[in-house]
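Colleague: starting from these lines, generate the structure:
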Amino acid sequence: MASVDESWAPVWQQAGVVCVVVAGSFGFDVELRNTHGVAFLRKAAATNEAAFNEAEYLRLLLESDHLTQAAADLKPFALVVQDDAENCETFAEALKSVGIRALGVNRGIEAARLAKALAPDLIVVDHALPDISGAELCRLLRDDPETEPVPIIAVTGAAEAMRAAGCVADAILTKPCRIDTFLAASRLFLRSSREAG
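Modeller: Have a look, this model is predicted:
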């Protein structure tokens, strides 16, 4: 078992668990460590971006009891906000392939308006939008009582820029992001109340 490597700052810390990303033999290792610094879970990742996506997914798993639950009688609905039409289509189609209704848009102000009108169960945002930044969109959504409780996942090639801009998304995944990782994170927010019970 690994001991604490002081050269690596924690990615996140909660409930006595510390998550770190360290250079491994063939890429990177994502480690969950206990309060004594002993690794009790280790996952390998080929790239730094994949490692941080794994770390974010593990954080979501630990927090999953507190996530917003979708209505049991309706298929969940996601609003996908990406500036690139191909990315928008890719994420929307991936969600549809697993039974999640999805609508793609590429402008932040339009997304904020649609979020109020359509009451999505999940919003997926990018950082670079033609009109406002993804971080600004997240703040608009959080400042509105109607959209404040909607879970937001940022999927972006500029994760550090979004964090630096004070992004208030529930999760930030870094592009390139594997579709199965994106879908797994999305499903954590879209579990029905029946499944949670």
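
Colleague: only C-alpha atoms from now on, for both contacts and neighbour counts.
Modeller: OK.

Colleague: which SSE is the nearest residue to residue 146 once chain neighbours are set aside in?
Modeller: The spatial neighbour of residue 146 that comes closest, neighbours along the chain excluded (C-alpha to C-alpha, 6 or more residues apart in numbering), is residue 116 at 6.3 Å. In the assignment (DSSP states H and E), residue 116 maps to helix 108-118.

Colleague: okay, now the sheet partners of the next helix or strand after that helix, with direction.
Modeller: For helix 108-118, the following helix or strand on the C-terminal side (DSSP H and E) is strand 122-125. The sheet places strand 122-125 alongside strand 77-81 (parallel), strand 152-156 (parallel), with pairing taken from DSSP bridges.

Colleague: now the end-to-end length of stretch 14-34.
Modeller: Taking C-alpha to C-alpha, to the nearest Å, stretch 14-34 runs 10 Å from one end to the other.

Colleague: identify all contacting residues around it.
Modeller: Contact with stretch 14-34 is made by 8-13, 35, 37, 39-48, 51-52, 54-55, as judged by C-alpha atoms under 8 Å, 6 or more residues apart in numbering.

Colleague: tell me which helix or strand residue 62 sits in.
Modeller: helix 48-63.

Colleague: how far off centre is that helix?
Modeller: How far helix 48-63 lies from its chain's middle: 9 Å, per C-alpha atoms, centre = their mean, to the nearest Å.

Colleague: can you pull the alpha-carbon coordinates of it into PDB?
Modeller: Output of helix 48-63 as PDB, limited to C-alpha atoms (Å, rounded to 0.1, in the frame of the first residue of the first chain):
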ATOM      1  CA  ASN A  48      -3.700  13.200 -17.000                       C
ATOM      2  CA  GLU A  49      -7.100  14.200 -18.300                       C
ATOM      3  CA  ALA A  50      -8.500  10.700 -17.900                       C
ATOM      4  CA  ALA A  51      -7.100  10.500 -14.300                       C
ATOM      5  CA  PHE A  52      -8.800  13.700 -13.300                       C
ATOM      6  CA  ASN A  53     -12.100  12.400 -14.900                       C
ATOM      7  CA  GLU A  54     -11.800   9.200 -12.800                       C
ATOM      8  CA  ALA A  55     -11.100  11.300  -9.700                       C
ATOM      9  CA  GLU A  56     -14.300  13.400 -10.400                       C
ATOM     10  CA  TYR A  57     -16.300  10.200 -11.000                       C
ATOM     11  CA  LEU A  58     -15.100   8.700  -7.700                       C
ATOM     12  CA  ARG A  59     -16.100  12.000  -5.900                       C
ATOM     13  CA  LEU A  60     -19.600  11.800  -7.400                       C
ATOM     14  CA  LEU A  61     -19.900   8.200  -6.300                       C
ATOM     15  CA  LEU A  62     -19.200   9.100  -2.700                       C
ATOM     16  CA  GLU A  63     -21.700  12.000  -2.900                       C
END
